[in-house]
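Trainee: heads up, no residue letters with this:
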């Protein structure tokens, strides 16, 4: 029994156990710890994107927004607007602006997406702001269309019409039509509140609600959207339909009555 007990308490056993523990800990750390090389590579790519974005900014944006994005009489400050605002404004062709006016309109995009990403990286480096969304955030794949319609009618229809066809505002401004707008740009517009539009950050309107609204707009305002009523008449509902009936329908009936009366009078004279 003494020999067996001594064999079990061999001093090398403790050393072996310690070596195994160190090996296991080292392996676990190696598996979970971030790779310094990958981190350095990502940091280098981000720095390069900011550098390239600064060059694009100096050429296309600094004349209005000033050299460091602090703004001027011709353009607002860009400090803190975030990458989402840049992706929306430049990705829809609104920026660089063609000319000053009450509202900057959508036009042909002059930058590639890679250049837009570089501009966004530079503007984002000036101060924290809303980040450009991921596809999982703005994808309407599993969204609730009915709930999106409720949210849109409550928060957006006053300006954009019930199905996103847009409408007039004051002093030459307008709410643009949302027909043909991409899911990403609709999401970014809600995030950042461009021009006359209020912003709906995730703290006010969660990503799920934004995706529901996007799903609703795709359901009612695309080329594939069903329209059982024929002419939409602006999709304003019974107001526009009643006005159309009174102006054109009643006007046609009155014109027909006058024509028939005049024809009967001529027939009696002859």
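Mentor: Sure thing, it's come through. Computed from a predicted structure; not experimentally measured. Numbering: from 1, shown residues only.
Trainee: isn't there a strand covering residue 102?
Mentor: No - using DSSP: H, G, I helix; E, B strand; the rest coil, the secondary structure at residue 102 is coil, not a strand.
Trainee: pretty sure it contacts residue 172?
Mentor: Yes - taking contacts as CB atoms under 8 Å, residue 102 lies within contact range of residue 172: 3.8 Å. C-beta coordinates here come from the backbone N, C-alpha and C atoms, glycine included.
Trainee: so which of those two has more stuff around it?
Mentor: Shown here are residue 102 and residue 172; by other CB atoms under 10 Å, residue 102 has more neighbours (12 against 9).
Trainee: what is the burial count for the closest residue to residue 96 other than its chain neighbours?
Mentor: The shortest distance from residue 96 to any non-neighbouring residue, by CB to CB, 6 or more residues apart in numbering, is to residue 60 (4.9 Å). Neighbours of residue 60 under the rule other CB under 10 Å: 17.
Trainee: could you measure from residue 60 over to residue 118?
Mentor: As for residue 60, its distance to residue 118 is 12 Å (criterion: CB to CB, to the nearest Å).
Trainee: what do you get for residue 250?
Mentor: The gap separating residue 250 from residue 118 is 60 Å, by CB to CB.
Trainee: do residue 166 as well
Mentor: Applying CB to CB to residue 166 and residue 118 gives a distance of 31 Å.
Trainee: between these two, who's got more neighbours?
Mentor: A count of neighbours by other CB under 10 Å puts residue 118 above the other of residue 166 and residue 118, at 23 against 15.
Trainee: any chance you could map the helices in the protein?
Mentor: Using DSSP state H, the helices of the chain run over 2-8, 11-32, 36-60, 62-65, 82-91, 113-126, 135-138, 145-155, 157-160, 183-192, 207-220, 238-244, 251-269.
Trainee: among the ones you listed, which comes closest to residue 176?
Mentor: Residue 176 lies closest, by CB to CB, to one member of the helices of the chain: helix 157-160, at 7.9 Å.
Trainee: what is the least confident helix or strand in this structure?
Mentor: Using mean pLDDT, DSSP states H and E, helix 2-8 stands out as the lowest-scoring helix or strand of the chain, at a mean of 47.
Trainee: rewinding a little: can you list the helices of the chain in TSV and add distance to residue 200?
Mentor: Below are the helices of the chain laid out as TSV (distance: least, CB to CB, whole Å):
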stretch	distance to residue 200
helix 2-8	69
helix 11-32	38
helix 36-60	27
helix 62-65	24
helix 82-91	12
helix 113-126	20
helix 135-138	13
helix 145-155	7
helix 157-160	13
helix 183-192	5
helix 207-220	7
helix 238-244	27
helix 251-269	43
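Trainee: who wins for proximity to residue 74 among those?
Mentor: helix 62-65 (4.3 Å).
Trainee: ok, residues contacting that closest one?
Mentor: When contacts are defined by CB atoms under 8 Å, 6 or more residues apart in numbering, helix 62-65 is touched by residues 57, 71-72, 74-78, 96-97.
Trainee: pick out the most distant pair among the residues you listed.
Mentor: Across the contacts of helix 62-65 (CB to CB), the longest gap, 16.3 Å, separates 77 and 96.
Trainee: who's more crowded, these two?
Mentor: residue 96 (18 against 15).
Trainee: does the more buried one touch residue 57 like I think?
Mentor: No - applying CB under 8 Å, one finds residue 96 not in contact with residue 57, separated by 10.3 Å.
Trainee: rewinding a little: could you measure the residue nearest to residue 96 against residue 81, distance?
Mentor: Counting by CB to CB, the gap from residue 60 to residue 81 is 16 Å.
Trainee: try residue 221
Mentor: In this view, residue 221 and residue 81 are 28 Å apart by CB to CB.
Trainee: quick check: end-to-end length of stretch 247-255?
Mentor: 12 Å (CA to CA, to the nearest Å).
Trainee: show me how far it is from its chain's centre.
Mentor: Here stretch 247-255 shows a centroid-to-chain-centroid distance of 45 Å under the convention CA atoms, centre = their mean, to the nearest Å.
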